[in-house]
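>>> please find the sequence and the predicted model below.
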Amino acid sequence: MAKSWNFVFVLVWLSAILGAGIHLFSKGFLLTRIAQTDYSSCVRYEDIRCGTGGRDNGDGVESILRDVNQSAGICMPRKGKVILLVIDALRYDFGEFDSSLKDPLPYQNGLPVLEELRNRFPDRTRRLKFVADPPTTTLQRLKAMTTGSLPTFIDIGSNFASPEINEDNVVDQWKRHNLSTIFLGDSTWTELFPGRFKRKYDYPSFNIHDLDTVDSAIERHLPKEIGKSDWDVIVAHFLGVDHCGHRYGPLHGEMQRKLKEMNDVIRNVTEQMDDETTLVIIGDHGMTQTGDHGGESSDEVNALFFMYSKGAPLLSEEYDEYNKTIQQIDLVPLLSTLLGVPVPYSNLGQINFQLLPDVKVDSFLRYQLALLHLWQNARQIQNYFQQYAEANRGTFAVDQLDDLDNKFLMLTQRVNTVYTEAAFQSFSRDLRHYLKDILESCREIWVKFDAQLISHGLLVTFLCCFGIFMLIANSSAHQLAQIFNGTTIYYIVVLTFMAGTSGFFFHRDFGLTSAEHGALFFASVASIGILFVQIIKNWTNITENISQQKRSKNFITRISFAFTTCVFFSNSFIVQEQKILSYVLVGFFLLAIYNVQKNSHFKISALRWSALSKSTFVKLLALALLGIALVRIAGGYFRCREEQGDCTDYLVKAPEGGRRKAGPDLVPVIALVLYVVCARLYLRSCGNLTGNGVNVLLARYGPTVGAACACGHFVLARTNTKGINQHHLDALAWVVYGLLLLQIAVLAFSPLLIYVLPKRKEVMSVLQSDRNVAPEIFRQLRSNFNSRNPSAAADEVPIVCGLATAYSSVFIGVGIFLTILMSLLLGSHGTTGLVLSLVITICYGIISSILQYENSTNLLSCLQPTMTTLLSWIILMQFGFYATAHQPTMSQIDWNAAFVGRTWHYDNNNVISAILVLLNTFSVTFLLSTLFPLIIFTPFCVYTMWPSLAQKIYQKSGGGIGGGKPKAPKSSRKTDAGNVEYRSVTVNKPDDEEAGDEESTSGRRKAIDFDVTKGEINLYENEKLFVGTVFKTGCQLLLIQGVRIFCAMFACTMHCRHLMVWKIFAPRFIYEGIGSYIAFIGLNLGFLLLLRVHAAVNALITRINKAR
């Protein structure tokens, strides 16, 4: 077992190297914008007036207009108080009103008060399209709407945790200028701006199942706050519309109710506010037709902006050329101007004149006041742009900077020559074009890629993959045990630690960006160095193993692998990846059937019905056709993305009306129940559900209870649960969580699904007929019991039920519980795809295992999976991602999983939320990576269930290893009343393992004869070969996934300036990177579980042998 733990260390070590490469690349490619901590300041216009005795200072006005450049640092008086209502996910068309609609959809005509205000006060209201920059998540939108800066792509990752904003922003400016701000609603504001509000009523925002708590609290406190006189700004952030979209979609009846509620709130506010107050209503982003957001589709970026000035009319729309669209960052200069504070330092938004109340200031004319506001905005943007470019040299091209500087210099000379309205209009137009050029320059080249981190990440990932391929993929299991001995592990630990420590403390001496960068890179380089030293030391064995491989057999597999990895280099291939994976899977099924029909053992003797019905080839063909059909059916559960114009989500999360149809929810219930029932029947038929131990009882009854609770939860969660206590619904999820925790405890203490019974014979009885083993055991037990006599009691030795599937039964049991958990998190729209993916995996696994046994010449070749099988396992992980209704886009993350079992009392634990969302998103990846040892077990499972298949092959085969004649097992036969013959097989582990574990001087393994009908006893009897092969298989899966993530990284590097880099390539890399981490964790957990089961089997056999 000591060498087995060496394998555990090496698997974790290799996973860590690949993880370090991915992390280094991510830090270089997904950099955030460098925040500027400076802040704007200004001189209040009132202070200038007070300096002249408080008189109406006409000369002061003239002096301000005489040199507008110098006057850019003056803050003009505020134009009144502001009430800012933020209605989360308020899409633009939610605020439109069409009286001609006879049967409006739930989200249409929901805010009639806005149309009433527009009709009554056309000169005091404005309704505009409020365009957001992606990513359209609440945290990034709030940052943009308070700082005026552009968000960066990777900021979406911090949507779970809202760090305090350290850039200049309007909230800080209000506090700096002694303005009192009252806040109500989404607690994200208080996390971004702690200590800035005079009074706050903040509530957690992440529980999307709660539509009313936050909104009801705001409605309770808002009228009281408006009635007070000690405030200048009120901010109220409503969440109900957004949560309704996430839970039900915009076409549900609940959306109509929430919009009506918002309509009443707006009406009450407009009636209660005084004439000096301006009401601003905004949506931070929109939502798709399924209620999601985060991407850059039209529905997601187009929110509503509505403004109502109760006292003064607004400036004419002519000042902005009748513009009906504004950018979200334009809100920042607007709020600053309304409240008389300087525009925040890092703002890139422009002021919109049509939104300014026409409030007279001394003797200033309208256009003169507008000129001062616009020039103050322009000087602030120019100053920020210039300072940022100087602090981050190389971000912008020198020619580009010179051109912008020359344009601004000309505008600086023109600003003091604006004496008429017409001159102002011309100057305003030119200045706005200049500001737009700056904005576009920042949008195009905002992220500064770190070439050093990117290259180091690519280098580490590539060299690690190459090292795994050369050393592990081309070494036998026994050679790997010799390579990774205790001495090698010692050197790995010491050298990696020393290199990482050196890099941490001396990173600056080597020109590295940070201590983290130095530690990871140096440790990775040292680890890769050790890999290559081992390659050199074992070069003779490696080259000999390579020369013995028949590479022509894997030609189609390699072409398929290259094709699936080339997906990352084409945006259109990424968009249609799910179809590509479907075609590849179908191709693998067809290839398997082609290889089956080439085998002479499976030839059809005659074209008669009796022969066809008994033909193994016909059965395998039917199984392959079933798998192909299921691949096609699973395509109906693929989710659409914006770029797929010919796609319709007709089965997945379809928009709903007020009523629900039971049909779509019945399909996942039936699928999950059938899957659980079939799995239990298989375990029972193998004898693994015999006995009354805790582990057996859990495997027998736990899946039934868990499946019932999971189905009940995801059916009820999609309906209107007003009449159901929320903690009753959560209790269903708690049962599933509890069963999983109990399963983990059982695995730790008693993992085996095996039952030991007393028996008279000195050997274990195994059925030698065409029928299944386990049911006959009970017949023999009954016969033995009836014929018992006291004198024979002393001769009894135990019979072991379920020993032939001792290893696989534990993994199948774990897989059942994990499947139920994933179904609970996926909900009804993903459960069917999950079950289909697993059944497809089973179909292909049975066919490939039979092929593997047919083509094997010894136990080693039967154990080691083919390249086609390994690649299909990885492709099934990717296929399952799409089949469970996911897409690699930011807007289609299923946040509902974060609240499964946590809606009644949400604990605000972001770590748990993230884990649940990740398990939902990468459910199939985690399942298949954790259960990867089943690839090794499947041939033995198949031939344990159908021993007749093995007997026919065994009799026809000319010999065992090396072509010798196979030895017949020692057997004694007994005829029961049912005329059934039994064969007795000794299951003791050999005292010496020379027959199975010796190495010749050339490194080749000696011949091993094995009987596949003994099931997984063969694995126990050949421990070193078995554990080493599982380790090698895990490393090969690690290698394939490593090559995939390297291709994703390399594609992002090649397309870093591609038009679609942030919309398609970067999200695909992020999903592949996270999926790789999940797969690495699953592979390590699967290998640890295997060792735990093996230790339990070893203890059991040792105990039985001692008892004998």
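The structure has been received and is ready for your questions. Keep in mind that what you see is a predicted model, and the values were worked out from it rather than measured. Numbering: from 1, shown residues only.
>>> residues touching the closest residue to residue 1060 other than its chain neighbours, list them.
Of all residues not flanking residue 1060 in the chain, residue 571 sits nearest, at 4.6 Å (C-beta to C-beta, 6 or more residues apart in numbering). All C-beta atoms are positioned from the backbone trio N, CA, C, and that covers glycine. By C-beta atoms under 8 Å, 6 or more residues apart in numbering, the residues touching residue 571 are 1055, 1058, 1060, 1064-1065.
>>> what's the spacing between residue 571 and residue 1044?
Distance, residue 571 to residue 1044, by C-beta to C-beta, to the nearest Å: 17 Å.
>>> could you do residue 700 as well?
39 Å.
>>> do the same with residue 246
31 Å.
>>> of these two, give the one with the bigger neighbour count.
residue 1044 (24 against 20; other C-beta atoms under 10 Å).
>>> thinking that one is in contact with residue 877, fair?
No. Counting by C-beta atoms under 8 Å, residue 1044 stays clear of residue 877, with 9.9 Å between them.
>>> returning to that earlier point: in CSV, list the contacts of residue 571 along with distance to residue 614 and secondary structure.
CSV is the format used below for the contacts of residue 571 (distance: C-beta to C-beta, whole Å; DSSP: H, G, I helix; E, B strand; the rest coil):
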residue, distance to residue 614, secondary structure
1055, 56, coil
1058, 58, coil
1060, 55, coil
1064, 52, helix
1065, 53, helix
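>>> most neighbours, which of those?
residue 1065 (25 neighbours).
>>> touching, that residue and residue 1055? I think so.
Yes. Contact criterion C-beta under 8 Å: residue 1065 and residue 1055 qualify, at 5.1 Å.
>>> surely residue 182 is within a strand?
Yes. Membership of residue 182 in a strand is supported by DSSP: H, G, I helix; E, B strand; the rest coil.
>>> how much space separates residue 4 from residue 1092?
Distance from residue 4 to residue 1092, by C-beta to C-beta: 11 Å.
>>> the two: who's more crowded?
Neighbour count, other C-beta under 10 Å: between residue 4 and residue 1092, residue 4 has more, with 20 against 15.
>>> show me what contacts that one?
Residues 1027, 1091, 1094 are the ones in contact with residue 4 under the rule C-beta under 8 Å, 6+ apart.
>>> how about 10 Å then?
481, 1023-1024, 1026-1028, 1030-1031, 1087, 1090-1091, 1094-1095 (C-beta atoms under 10 Å, 6 or more residues apart in numbering).
>>> report the two of the residues you listed separated the most.
Every pair in the contacts of residue 4 was compared (C-beta to C-beta); the two farthest apart turn out to be 481 and 1095, at 17.3 Å.
>>> pick out whichever of those two has more residues nearby.
Between residue 481 and residue 1095, residue 481 has the larger neighbour count (other C-beta under 10 Å), namely 21 against 13.
>>> that one touches residue 5, doesn't it?
No. The criterion here is C-beta atoms under 10 Å, and residue 481 misses it with residue 5 at 11.8 Å.
>>> dump the contacts of residue 4 to JSON lines, plus pLDDT, distance to residue 896 and secondary structure.
Below are those laid out as JSON lines (pLDDT from 0 to 100; distance: C-beta to C-beta, whole Å; DSSP: H, G, I helix; E, B strand; the rest coil):
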{"residue": "481", "pLDDT": "91", "distance to residue 896": "46", "secondary structure": "helix"}
{"residue": "1023", "pLDDT": "88", "distance to residue 896": "45", "secondary structure": "helix"}
{"residue": "1024", "pLDDT": "89", "distance to residue 896": "47", "secondary structure": "helix"}
{"residue": "1026", "pLDDT": "92", "distance to residue 896": "42", "secondary structure": "helix"}
{"residue": "1027", "pLDDT": "93", "distance to residue 896": "41", "secondary structure": "helix"}
{"residue": "1028", "pLDDT": "93", "distance to residue 896": "43", "secondary structure": "helix"}
{"residue": "1030", "pLDDT": "95", "distance to residue 896": "36", "secondary structure": "helix"}
{"residue": "1031", "pLDDT": "96", "distance to residue 896": "38", "secondary structure": "helix"}
{"residue": "1087", "pLDDT": "96", "distance to residue 896": "32", "secondary structure": "helix"}
{"residue": "1090", "pLDDT": "95", "distance to residue 896": "33", "secondary structure": "helix"}
{"residue": "1091", "pLDDT": "94", "distance to residue 896": "36", "secondary structure": "helix"}
{"residue": "1094", "pLDDT": "93", "distance to residue 896": "39", "secondary structure": "helix"}
{"residue": "1095", "pLDDT": "92", "distance to residue 896": "39", "secondary structure": "helix"}
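>>> buried subset of the residues you listed?
481, 1023-1024, 1026-1028, 1030-1031, 1087, 1090-1091, 1094 (16 or more other C-beta atoms under 10 Å).
>>> endpoints of stretch 858-873, how far apart?
24 Å (C-alpha to C-alpha, to the nearest Å).
>>> so what's the gap between it and the chain middle?
Put simply, stretch 858-873 sits 29 Å off its chain's centre (C-alpha atoms, centre = their mean, to the nearest Å).
>>> repeat that for stretch 479-497.
That offset, for stretch 479-497, works out to 34 Å (C-alpha atoms, centre = their mean).
>>> CA atoms only for it, dumped as PDB, please.
Taking Å, rounded to 0.1, in the frame of the first residue of the first chain, the C-alpha atoms of stretch 479-497 are listed here in PDB:
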ATOM      1  CA  GLN A 479       7.600   0.500 -14.300                       C
ATOM      2  CA  LEU A 480       5.700   3.400 -12.800                       C
ATOM      3  CA  ALA A 481       5.800   1.800  -9.400                       C
ATOM      4  CA  GLN A 482       9.600   1.700  -9.700                       C
ATOM      5  CA  ILE A 483       9.900   5.200 -11.100                       C
ATOM      6  CA  PHE A 484       7.800   6.900  -8.400                       C
ATOM      7  CA  ASN A 485       9.400   5.200  -5.400                       C
ATOM      8  CA  GLY A 486      10.000   6.700  -2.000                       C
ATOM      9  CA  THR A 487      13.300   8.400  -3.000                       C
ATOM     10  CA  THR A 488      11.700  10.100  -6.000                       C
ATOM     11  CA  ILE A 489       8.800  11.400  -3.800                       C
ATOM     12  CA  TYR A 490      11.300  12.800  -1.400                       C
ATOM     13  CA  TYR A 491      13.200  14.700  -4.100                       C
ATOM     14  CA  ILE A 492       9.900  16.000  -5.500                       C
ATOM     15  CA  VAL A 493       8.800  17.400  -2.100                       C
ATOM     16  CA  VAL A 494      12.200  18.900  -1.200                       C
ATOM     17  CA  LEU A 495      13.100  20.400  -4.600                       C
ATOM     18  CA  THR A 496       9.600  21.800  -5.200                       C
ATOM     19  CA  PHE A 497       9.400  23.400  -1.800                       C
END
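>>> would you mark the buried spots in it?
Buried positions in stretch 479-497, judged by neighbour count with 16+ other C-beta under 10 Å: 479-484, 488-489, 492, 496.
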